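*Asks:* Can you look at this prediction? I've put the sequence above it.
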Amino acid sequence: MIRRSVLAIFAVTAIVLGCVVVASPAGAVIDSAVVVPSPNSGSGGNVLQSVSCMTVSSCIAVGYYNNGSVNQTWALNFDGRSWTKLESPSIGLSDNALQSVSCVSVSSCVAVGQYYNGSVNQSLVLKWDGTSWTTLDSPNAGSGSNSLNSVSCVSASSCVAVGQYFDGPLHQSLALSWDGTSWAKLDSPNPGPMFNRLSSVSCVSSSSCIATGYYYNGSGNQTLALDWDGTSWTKLDSPNPSTGTNGDLLSVSCVTVSSCIAVGYDGNESGLPTVALKFDGTSWTKIDSPNPGSQFNILYSVSCVTVSSCVAVGSYFSGNGTVEQTLVLSLTGPEPPTTTTTPPTTPTTTSSSDPVAPAFTG
């Protein structure tokens, strides 16, 4: 699955400062965060776009920095105390950027993104072996640009990466699989006649992944959710918010084959409200999510550690719409029922109104 810990949540607020915020260890009650200085490189901007933690003392973060003329890949390592820069390949003439990283051990990580070859953007895949980063050959589709937006690994020999590619007048969904030796392009649905994009993928096994994004149906954007069963991708029906146009699912996190949360925004509704959907293994349903901003609310990423504990992050505009604020939401819901050998002493009843249905709170 996508391993974006609470560290990634608070890093959103620290990117501009060149720092990363580290929260409490896993299993602890998180009620505060501290800023840990992180390196910056080059004479231009530095951006960290993804982080994956294996333990409380082992994390890898990736993104890009500008050396004064072009963007270069950017990778950092956290040892529980401090961040250090890792040398990472930049093979393009410009626009070298890592969008996502997934680690399964301290010596096995995969990062994906894109680079510019002088004509178009191409998919970029790097592998971390605990000592150094190396470039992996990855397929490119179509006649135009390719970009990988997300990767999810369940083992050193099983990863899925998703994004999009341009082929003539069409933007198509892009899905690749890694078997430990090579990458292969997977056939993936493209329901939109012109534009299809996969923004995120989360795998719980080599035969169970969910990818999300959006497609354009000719009049507006529609939410897009795909299911991978180890052999093929199938499109899942997913609700579209408000009037049914301009829905976009930017991130998904799965903890089991029957428990996923996807988040994004509704670009058609006044105030640009957040969107959150829940997948139970069969169907997607919309769940409530707050919108503190009067003009702009968007959720960029979500991470779940149990079926009833997720955190989503994004931003919103407050006041007159000129000040953007960080947005952190917590999902709470009922834990799965526990089995017992002792029969209940009193009858139990259930309510059709489901008073403990999952819901995000600010």
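*Replies:* On my side now, so go ahead. Numbers count the residues shown, from 1 in each chain.
*Asks:* which residues of this protein score low on pLDDT?
*Replies:* For the chain, the stretches flagged by pLDDT under 70 are 1-33, 241-245, 268-271, 319-321, 333-357.
*Asks:* Do I have it right that residue 232 meets residue 188?
*Replies:* No. Using CB atoms under 8 Å, residue 232 makes no contact with residue 188, being 9.0 Å away. Where C-beta positions appear, they are placed from N, C-alpha and C, glycine not excepted.
*Asks:* Looking at those two, which one has more neighbours?
*Replies:* Taking neighbours as other CB atoms under 10 Å, residue 232 and residue 188 compare with residue 188 leading, 21 against 12.
*Asks:* Okay, helices next: where are they in the protein?
*Replies:* 6-11 (DSSP state H).
*Asks:* which parts of stretch 98-109 are buried?
*Replies:* For stretch 98-109, a neighbour-count test (16 or more other CB atoms under 10 Å) marks 98, 99, 100, 101, 102, 103, 104, 106, 108, 109 as buried.
*Asks:* what sits against the last one?
*Replies:* It refers to residue 109. 52, 60, 101, 102, 103, 127, 128, 153 (CB atoms under 8 Å, 6 or more residues apart in numbering).
*Asks:* can you pull up the bridge partners for it?
*Replies:* residue 103, residue 128 (DSSP bridges).
*Asks:* any idea how far residue 250 is from residue 137?
*Replies:* From residue 137 across to residue 250, the span is 28 Å (CB to CB, to the nearest Å).
*Asks:* quick one, which of these two is more surrounded?
*Replies:* residue 250 (23 against 8).
*Asks:* Which residue comes closest to the more buried one once chain neighbours are left out?
*Replies:* Distances taken as CB to CB, 6 or more residues apart in numbering place residue 264 nearest to residue 250, at 4.4 Å, with adjacent residues excluded.
*Asks:* who does that neighbour bridge with?
*Replies:* Per DSSP bridges, the residues bridged to residue 264 are residue 249, residue 275.
*Asks:* Name all residues that make contact with it.
*Replies:* Residue 264 neighbours (CB under 8 Å, 6+ apart): 212, 214, 223, 247, 248, 249, 250, 251, 274, 275, 298, 299.
*Asks:* Buried ones in stretch 71-89, by neighbour count?
*Replies:* So stretch 71-89, judged by 16+ other CB under 10 Å, has buried residues 71, 72, 73, 74, 75, 76, 77, 78, 83, 86, 88, 89.
*Asks:* hey, where'd the strands end up in the stretch 1-150 of the chain?
*Replies:* Taking DSSP state E, counting those that start in this stretch as the test, the strands found in the stretch 1-150 of the chain are 19-22, 34-37, 46-55, 58-66, 71-78, 83-86, 94-105, 108-116, 121-128, 133-136, 146-155.
*Asks:* For the longest one, output the C-alpha coordinates as CSV.
*Replies:* Listed next in CSV are the C-alpha coordinates belonging to strand 94-105 (Å, rounded to 0.1, in the frame of the first residue of the first chain):
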residue,chain,number,x,y,z
SER,A,94,15.2,19.5,-17.8
ASP,A,95,12.1,18.8,-15.7
ASN,A,96,13.6,16.0,-13.7
ALA,A,97,11.1,15.4,-10.9
LEU,A,98,10.1,12.6,-8.5
GLN,A,99,6.4,12.6,-7.7
SER,A,100,6.1,9.5,-5.5
VAL,A,101,8.1,6.9,-3.5
SER,A,102,7.2,3.6,-1.9
CYS,A,103,9.5,1.6,0.4
VAL,A,104,9.1,-2.0,1.6
SER,A,105,12.3,-2.1,3.6
